[in-house]
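Novice: any chance you could fold what I've pasted below:
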Amino acid sequence: MAKSRGDFTDILVRRQTLSPDQVEEARSMQAQTGAKLQDAIVKLGYASGEEVMSAIAEFHGLQFVDLSEVTIPSAVIELVPESVARENVVLPMSQDNGALKIIMSDPGDFDTVQKLQFILNKDIQPVLAPREQIVEAINRHYGQTETESVDSMLQEFTDTAIDFTETTGAAAAAADESDARPAACWPRWSPVSKSWRRSTYRKSGAPRTGVSKWSWPASTTTSASASCRLTTASRS
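Specialist: Okay, the predicted model is just below:
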């Protein structure tokens, strides 16, 4: 049987970062979940993102860079617009003889390389780094994202709206309860219906009349007779 060309995992095994059994377990996870092999290895905790990306870079004959140890001049950062860097998750590292070294996380993303060549009008030389490091470096060099700023504003507005709703809701409930209870009431005889009815005065002072069998205690302290706890009766 012919031996396959292999991949970056051979480099990790050679470096004794992984064992052959761990590689097979990562491949099994890749087949089950559809994740990339490098992501499966990191997810299983067998290697760090930096170790995996370093092996991938060596396998493809590309340079690997640890962004936690690199300082990029602002003049180089300005060569790539922020929108381009964020959309494609790339970062410029240096410029040499008209070629621009671009840090990216996928060595097989030739479409992005071609797009950057067209947009920037420069030859592009890919340099590999973990995606998480690239995102952190983009935020560090270009500043906080607009999305994060908007999210922060929306969260603050939502919190304020909730407080306002709770406050106004409590006030409205108190007003409804106050309006539902009569400020004072007493029974009176209705010659039309020939039954006892009750008259009430609310805070507005406007009288209201209801059937006397409705039993609503007064919200203010008046007298025992003002509780309106009467039953409908006919006057003899």
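
Novice: list the contacts of the helix or strand hosting S83.
Specialist: If you go by DSSP states H and E, S83 is part of helix 82-88. The contact list for helix 82-88 (CB atoms under 8 Å, 6 or more residues apart in numbering) reads 90-92, 104, 112, 115-116, 119-120, 138, 142, 145. Using the backbone N, CA and C atoms, a C-beta is placed for each residue, glycine as well.

Novice: can we see that at 10 Å?
Specialist: 77, 80-81, 90-92, 102-104, 109, 111-113, 115-116, 119-120, 134-135, 137-139, 141-143, 145-147 (CB atoms under 10 Å, 6 or more residues apart in numbering).

Novice: got the contact list for V23?
Specialist: 7, 9-10, 12-13, 37, 40-41, 46.

Novice: so it, which of the three states?
Specialist: Each residue gets one of three states, and V23 gets helix by DSSP: H, G, I helix; E, B strand; the rest coil.

Novice: could you check the pLDDT of it?
Specialist: V23 carries a pLDDT score of 95 in this model.

Novice: one more: the one 10 residues further on?
Specialist: Here the pLDDT value assigned to T33 is 93.

Novice: just the element for the closest residue to it other than its chain neighbours, please.
Specialist: Closest residue in space to T33, ignoring its immediate chain neighbours: A40 at 7.2 Å, by CB to CB, 6 or more residues apart in numbering. Per DSSP H and E: A40 is located in helix 37-43.

Novice: list the buried residues for that helix?
Specialist: For helix 37-43, the neighbour count (16 or more other CB atoms under 10 Å) marks 37-42 as buried.

Novice: how about stretch 62-82?
Specialist: 62, 64-65, 67, 72, 76-77, 80.

Novice: my read: K43 touches Q32, true?
Specialist: No - K43 lies out of contact with Q32 (CB atoms under 10 Å); the separation is 11.8 Å.
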